[in-house]
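K.L.:
quick one, structure for this:
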Amino acid sequence: MDQRRVILAVFLMFVVAIVPALLFKPKPGARSGVPADTSAAALRPPSAAPAETLPLPTARPPARPAAALPAETVWVSSPLYRYGFSTRGAKLVAAELESYKSFAPADSGRRVQLIPADAPLLGLRIVVGSDTVSLGEASFTADQKSVTVGGANTTLTLTAPVGGGTVTLAYQFVPDDYHFKVTGSVAGLGGSGGLLIVDLGQGLRSVEAEPLTDYREYAVVTKADKTQKETFASLDPGKSAVLNGPFEWVAVKSKYFFAVILAPDQNARPFAGAVATGLAREPVTASSLFGSRATLLATRAAVVTTVALPPAGSFRYDVYLGPFEHHRLDQLGHGLDDANPYGWSIFRPIIHPVSIVVVRILFWMHGALRLPYGWVLIAFGVLIRLLLWPLQRRAMESQMRMQAVQPLMQDIQNRYKNDPQRLQQEMMRLYKEHKVNPFGGCLPMLLPMPVLLALFFVFSNTIEFRGVPFLWLPDLSRADPLYIIPIIMGLSMFAVSKIGQRGMPPNPQTKTFLYVMPAMMTFIFLRLASGLNLYYAVQNLISLPQQWQISKRRLAAQNRPSGGT
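P.N.:
Purely as a prediction, here's the structure:
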């Protein structure tokens, strides 16, 4: 819904910028729906024997590991997180992020916990020939009861007897990062090699106050030459999307968080493919201006990826499990920040670079000036308007010259109304002689639009603004619960338009725009991020003195004696 609103808002702003100028201008003459039981071959690594097949997540393993012992959770703690690994299957069963609060009503403001209780991550299965062994119920022995990252030993090692061999897993943690390394070995393969299936669970827990907007961002994302995204919403229940590799990384994401398994080497593509299987759709309640309603939406999908297992039985990969912090992901490399890019695909080549620049400016102002983000947005709005003031002045001068030559244009139109080609030539000559640009008033209004659109995506995708309060606003990334900022934005937009029409020729169309457009824009912006509304309102308020000065000069030019310039 927010995306449809912003598309309409951009269209209306474009209309506001272009139509008045035209009215005053003289008329110059992957795929989804693949059945799960037929998609396994797509995950086969290139070196695998053609006769072998890969079972999907629902396959029943033909061999059982040793009898399961009661599971324990080994906690790995750092200033950033608490990861919990179960000794049953060596799976990641909990991921608490110390720096982020959950806004889900059931969490009561506790720390973010990303992993669903019944869908852990990093479960493993081993495929050798036609045999598959699931390690999900294998009883592992941990070399430590708990791990404190940054201490003497930041590697957690788990071992388990499986069949006639042994599986060893080592998780090595990095201080001050959500990134950790996984190395492992499987003894007893018999020198034939095989395949390792890594389970990425069924998606992450929603920890947002408005789960509908969160679930719409749920997707599996892969990176080969470029990133590809398959949203959970596009998966029919019981059907699978088969993503053909090889991939550099495979991830599951929500709006602000993601879990990714990636190659240790940025030039490597160890993951042969991935499968995302749709699960049942669930009713999700969404609130709007007209009340609450339930929408059926896919909130989970079973996702697996594969790694070739050499005859020696060793394997390695890295894991990132945490927030979409763009500066952190830039440092980690692998193009991970492209998993959550700014802008829709059609606008991304323009919006994404603008958004990156805007974000960096806002972060710099926040850090260098030591201002809360609300005041940063106000200062940024003032800065943008001041930077555009020279262009605004030129637009004003162009409009005044256009008004001055109106009688000459009307004379040319009457004289050559039956000769369109000559009419066009004379109009162009008139524009050139009097230095008139018929579209000169449009550019200053169009230039702020990429910044405004970029800020829409910045507040939708940038976790640094999540949960940031300002004055009465509880969260700059969410709508104003009292609707004060959108109303101020609409009133200021009306004032800018009203003052801007002083001294302009009377026109019924522009009078309609004067009242209709602010009302429509206010309605559209009511449920958009309060930070976006704050920026736009500041832009309008700062432009009021400029518009007043422009209108005074326009009126003064009209009152000059005839023949003045």
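K.L.:
and Q421, how close does it get to N414?
P.N.:
From Q421 across to N414, the span is 16 Å (Cβ to Cβ, to the nearest Å). In short, each C-beta sits where N, CA and C put it, glycine included.
K.L.:
domain map for the chain?
P.N.:
2-28+361-558, 46-203+257-271+304-338 (automatic domain parsing).
K.L.:
between the ones you listed, which gets nearest to T213?
P.N.:
Closest to T213 of the domains of the chain, according to Cβ to Cβ: domain 2-28+361-558, at 6.5 Å.
K.L.:
pLDDT of that closest one, averaged?
P.N.:
Taken as a whole, domain 2-28+361-558 has a mean pLDDT of 75.
K.L.:
for S130, grab the count of nearby residues.
P.N.:
10 (other Cβ atoms under 10 Å).
K.L.:
what's near enough to touch N340?
P.N.:
Contact analysis of N340 by Cβ atoms under 8 Å, 6 or more residues apart in numbering lists 253, 258, 324, 461.
K.L.:
from those residues, list the buried ones, please.
P.N.:
For those, a burial check counting by 16 or more other Cβ atoms under 10 Å picks out 253, 258, 324, 461.
K.L.:
pick out the most distant pair among those residues.
P.N.:
Longest span within the buried ones among the contacts of N340, Cβ to Cβ: F258 and N461, 11.6 Å.
K.L.:
which residues do the two both contact?
P.N.:
324, 340.
K.L.:
nearest residue to G194 other than its sequence neighbours?
P.N.:
Among residues not flanking G194 along the chain, V128 sits closest, at 3.9 Å (Cβ to Cβ, 6 or more residues apart in numbering).
K.L.:
would you mind listing the buried residues in stretch 263-273?
P.N.:
Going by neighbour count (16+ other Cβ under 10 Å), the buried part of stretch 263-273 is 263, 269-273.
K.L.:
hang on, I meant stretch 156-171
P.N.:
156-163, 165, 167-171.
K.L.:
can you tell me which of the residues you listed is nearest L455?
P.N.:
For those, the nearest to L455 is Y171 (39.1 Å; Cβ to Cβ).
K.L.:
redo the domains of the chain as JSON lines? Include distance to Q228.
P.N.:
Output for the domains of the chain, formatted as JSON lines (distance: least, Cβ to Cβ, whole Å):
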{"stretch": "domain 2-28+361-558", "distance to Q228": "18"}
{"stretch": "domain 46-203+257-271+304-338", "distance to Q228": "10"}
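K.L.:
what's the closest of those domains to T295?
P.N.:
By Cβ to Cβ (comparing all of these), the closest turns out to be domain 2-28+361-558, at 13.8 Å.
K.L.:
what residue is smack in the middle of the chain?
P.N.:
Nearest to the mean C-alpha position of the chain, by Cα atoms, centre = their mean, lies N461 at 3.9 Å.
K.L.:
about what we covered before: these two touch, right, the residue nearest to G194 and G188?
P.N.:
No: if you go by Cβ atoms under 8 Å, V128 and G188 don't touch, sitting 9.4 Å apart.
K.L.:
and those two? Which one has more around it.
P.N.:
V128 (20 against 13).
K.L.:
OK, contacts around S530?
P.N.:
Residues in contact with S530 (Cβ under 8 Å, 6+ apart) are 470, 473, 475-476, 478-480, 485.
K.L.:
most widely separated two among the residues you listed?
P.N.:
F470 and A479 (13.4 Å).
K.L.:
these two - which one has more neighbours?
P.N.:
A479 (22 against 19).
K.L.:
work out for me the element P116 sits within.
P.N.:
Here P116 is covered by no helix or strand, with elements defined by DSSP states H and E.
K.L.:
which of the residues in stretch 347-358 are buried?
P.N.:
Of all the residues in stretch 347-358, those buried under the rule 16+ other Cβ under 10 Å are 347, 351-352, 354-356, 358.
K.L.:
same thing with stretch 459-472?
P.N.:
459-468, 470.
K.L.:
relative to A94, which of these is nearest.
P.N.:
Distances from A94 to the buried residues of stretch 459-472, taken by Cβ to Cβ, are shortest for I463, at 20.0 Å.
K.L.:
tell me the contacts of the closest one?
P.N.:
100, 256-257, 323-325.
K.L.:
which residues touch stretch 150-162?
P.N.:
Stretch 150-162 is contacted from outside by 65-66, 74, 76, 78, 85, 87, 90, 126, 133, 135, 138-144, 147-148, 166-175, 186, using Cβ under 8 Å, 6+ apart.
K.L.:
sorry, back to before: of the buried residues of stretch 347-358, which belong to helices?
P.N.:
Those of these mapping onto helices are 351-352, 354-356, 358, per DSSP state H.
K.L.:
will you turn these into a markdown table that also has distance to L243?
P.N.:
Shown next, in a markdown table, are those (distance: Cβ to Cβ, whole Å):
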| residue | distance to L243 |
| --- | --- |
| I351 | 26 |
| H352 | 23 |
| V354 | 30 |
| S355 | 27 |
| I356 | 27 |
| V358 | 32 |
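K.L.:
can you tell me the element Y83 falls in?
P.N.:
strand 81-86.
K.L.:
can I get that strand in PDB, CA atoms only?
P.N.:
This file holds the C-alpha atoms of strand 81-86, laid out as PDB (Å, rounded to 0.1, in the frame of the first residue of the first chain):
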ATOM      1  CA  TYR A  81      24.200 -10.400  19.900                       C
ATOM      2  CA  ARG A  82      23.500 -13.700  21.700                       C
ATOM      3  CA  TYR A  83      23.400 -16.600  19.300                       C
ATOM      4  CA  GLY A  84      22.100 -19.900  20.600                       C
ATOM      5  CA  PHE A  85      23.300 -23.300  19.100                       C
ATOM      6  CA  SER A  86      21.500 -26.500  20.000                       C
END
